[in-house]
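Novice: coords please:
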Amino acid sequence: MQLMSEKERSIKDLAEPFDMSLTAISKHIKVLERANLLERNVRGRTHFCKLKTDSLDAAKEWLRFYERFWNNRFDLLEDELLNAKKKEH
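Specialist: The predicted structure is shown next:
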């Protein structure tokens, strides 16, 4: 996905850095399409992919929520462990 961060790329361009067939890359692209993370456009015989930043923004917001949630839970756990350790001494 980093390759598409700057501009739209052909599937051939996306496959180039990997030791994978175009068919295998295409399967990965289809998964990302179904997840609504990218869109594919066909011009002639060439398929181009570009990121759907609105979907990525929604995913980042979801991750931020759970990052805050778990950070809070771990902070509470740390407090409990420190309090328990103080009571032992």
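Novice: C-alpha from now on. contacts and neighbour counts both.
Specialist: Will do.
Novice: would you map the strands across this protein?
Specialist: Applying DSSP state E to the chain gives strands spanning 9-10, 38-43, 46-51.
Novice: got those strands as CSV, with mean neighbour count, mean pLDDT and distance to residue 25 columns?
Specialist: Below are the strands of the chain laid out as CSV (neighbours: other Cα atoms under 10 Å; pLDDT from 0 to 100; distance: least, Cα to Cα, whole Å):
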stretch, mean neighbour count, mean pLDDT, distance to residue 25
strand 9-10, 17, 89, 11
strand 38-43, 14, 91, 13
strand 46-51, 18, 91, 12
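Novice: switch these over to a markdown table; also include distance to residue 80.
Specialist: Below are the strands of the chain laid out as a markdown table (distance: least, Cα to Cα, whole Å):
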| stretch | distance to residue 80 |
| --- | --- |
| strand 9-10 | 51 |
| strand 38-43 | 44 |
| strand 46-51 | 43 |
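Novice: could you measure the closest residue to residue 7 other than its chain neighbours against residue 86, distance?
Specialist: Leaving out its chain neighbours, the residue that sits closest to residue 7 by Cα to Cα, 6 or more residues apart in numbering is residue 50, at 6.9 Å. Going from residue 50 to residue 86 by Cα to Cα, to the nearest Å gives 55 Å.
Novice: and the residue nearest to residue 7, what are its bridge partners?
Specialist: Per DSSP bridges, the residues bridged to residue 50 are residue 39.
Novice: show me the domain layout of this protein.
Specialist: Split into domains by automatic domain parsing, the chain comes to 2-51, 53-89.
Novice: comparing those domains by mean pLDDT, which bottoms out?
Specialist: Per-stretch mean pLDDT for the domains of the chain is lowest at domain 2-51 (a mean of 87).
Novice: off-centre distance for it?
Specialist: 15 Å (Cα atoms, centre = their mean, to the nearest Å).
Novice: identify the residues contacting stretch 46-55?
Specialist: 1, 4-5, 7-11, 36-42 (Cα atoms under 8 Å, 6 or more residues apart in numbering).
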